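**Student:** Model the following, please.
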Amino acid sequence: MPSDLTDAEWEILAPLLPPDLFPPMTTVQHYFYRWSAMGVWKSISHALLLMAREAAGREASPSAGVFASIRQTLPWLRHVFADGGYVGDKLCIALTKIGTWTLEIIKRSDAAKGFKLLPRRWVVE
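**Tutor:** A predicted model of the protein is given here:
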């Protein structure tokens, strides 16, 4: 079956795939759906994320994120950076419903005029 992956990319991906050969398309489709239901693709994605982070010199497991609905995709996240629009109890209450979190509000200075780059405003680590 043709592929647009390089040999180097296949070397990374191959050990993460179940060791079956690829048969006709309908069978491949069956396995795709089966592996999706079993969480194989999420496991592969997670493993590749950790490898990419380590290759970039970062800690393998991220520990902070921007609040969106990433909790299900990245269940290990525990620290949320949010902009000043999330000040108040509403976000804190929402977070407590889905786990234990720490929340850090990144606020722009009241004296700032125009665009101002804020540290840690939209970060996923």
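**Student:** which residues of this structure score low on pLDDT?
**Tutor:** The model of the chain has pLDDT under 70 over residues 1-2, 19-21, 61-72, 74, 116-125.
**Student:** can you map out the helices along it?
**Tutor:** Assigned by DSSP state H, the chain shows helices spanning 7-13, 25-38, 40-55, 89-96.
**Student:** mind checking how far the third one is from the chain centre?
**Tutor:** So the one you mean is helix 40-55. Offset of helix 40-55 from its chain centre (CA atoms, centre = their mean, to the nearest Å): 9 Å.
**Student:** Then stretch 22-37?
**Tutor:** Distance of stretch 22-37 from the chain centroid (CA atoms, centre = their mean) equals 25 Å.
**Student:** Break the protein into its domains for me.
**Tutor:** The chain resolves into domains spanning 7-55, 62-125 when parsed by automatic domain parsing.
**Student:** Pipe the helices of the chain into TSV and attach mean neighbour count per row.
**Tutor:** The way it works is simple: take the backbone N, C-alpha and C, and place the C-beta from them, glycine included. Conversion of the helices of the chain to TSV gives the following (neighbours: other CB atoms under 10 Å):
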stretch	mean neighbour count
helix 7-13	11
helix 25-38	12
helix 40-55	13
helix 89-96	12
